[in-house]
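# Sharing a model prediction with you, sequence too.
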Amino acid sequence: RGRERLAAIGASIAFLYLVSETDARSSMLATLIALVVLLFPRKLGAFFTTRRTRQILFHTALIFAAFIATMSLTSVYTDWDIWSYQTFGKPLMNGREVAWRQGFQQLWAHALFGRGNFKINSWHNWGMSLLTGYGVLGYVTWTTFVRRMLDKGQRHIRDPYILGIITSFLLILLQQSAELGLIGNANTHLLPYMMLGLLLGRVRILERRETRKLHAN
């Protein structure tokens, strides 16, 4: 709203400019999407906070890894690599496609519980890190647990703080489809998990307000 939104738009533009110097394409994409959401908050903000959107984004990392791993075996992927070299001066995925293919191959032997070791490969994909480390059981458990935390904010989705936290967390999941830091890395980023804590705290505050109003009436 008002000045706060303008300040956020200005900060996003500045960050997008600075991160463009690093050619960090996933960060650029996530920031660009965040900027679009800020420009059209009512339409896109509501889109990012629906249960259906959350279900899709919670599995986007794994779908993306499977898609790239499959396409990397085709001639079309060679054309994509050439375009990336011409545009960014480096391969499309910087070898991530090889790691993801190996991850899916390893999964056949350790499907249920995984290998229990995140350091076997730098997966650059939170879905692959979780699936290869803790197997299907760990993947389902983690995603279900986090989705239920986000669902707690659904009743209060019109609250701007809850709307902002949920949207930001979903954008982090999208960005972490090709990066390290959310799961299984030695330098795990605490910010996404802090946001979940802020979400639960905000929900508790709003619920206490509702309780007080009921008692007052």
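Arrived safely. Residues are numbered from 1 along each chain as shown.

# Contact partners for residue 114?
Residue 114 makes contact with 107, 131-135, 138, according to CB atoms under 8 Å, 6 or more residues apart in numbering. C-betas here are computed from N, CA, C, even on glycine.

# Next, it: secondary structure please.
State at residue 114, reduced to three classes by DSSP: H, G, I helix; E, B strand; the rest coil: coil.

# So, low pLDDT: which residues of this structure?
Within the chain, the ranges that satisfy pLDDT under 70 run 1, 45, 117-121, 184-187.

# Give me the most central residue, this structure.
Centroid check for the chain by CA atoms, centre = their mean gives residue 173 as the closest residue, at 0.7 Å.

# That one: what's its closest spatial neighbour, skipping adjacent residues?
For residue 173, ignoring the flanking residues on the chain, the nearest one in space by CB to CB, 6 or more residues apart in numbering is residue 57 at 5.5 Å.

# From what I see, the one you found and residue 172 are in contact.
No - with contact defined as CB atoms under 8 Å, residue 57 does not count as touching residue 172 (10.0 Å).

# In helices, which of the contacts of residue 114 fall?
Using DSSP state H, the subset of the contacts of residue 114 located in helices is 107, 131-135, 138.

# ok, and what's touching stretch 28-40?
Outside stretch 28-40, the residues touching it (CB under 8 Å, 6+ apart) are 5, 8-9, 12-13, 15-16, 19-20, 44-45, 48, 167-168, 171-172, 174-175.

# let me redo that: stretch 139-156
49, 51, 54-55, 58-59, 62, 127, 130-131, 134, 159, 162, 165-166, 169, 183, 196, 199-200, 202-203, 206.

# which of those residues are buried?
Listed as buried from these are 49, 54, 58, 62, 127, 130-131, 134, 162, 165-166, 169, 183, 196, 199, 202-203, 206; burial here means 16 or more other CB atoms under 10 Å.

# which ones among these are found in helices?
54, 58, 62, 127, 130-131, 134, 162, 165-166, 169, 196, 199, 202-203, 206.

# Determine which two of those residues are furthest apart.
Greatest spacing in those, by CB to CB: 131 and 206 (34.9 Å).
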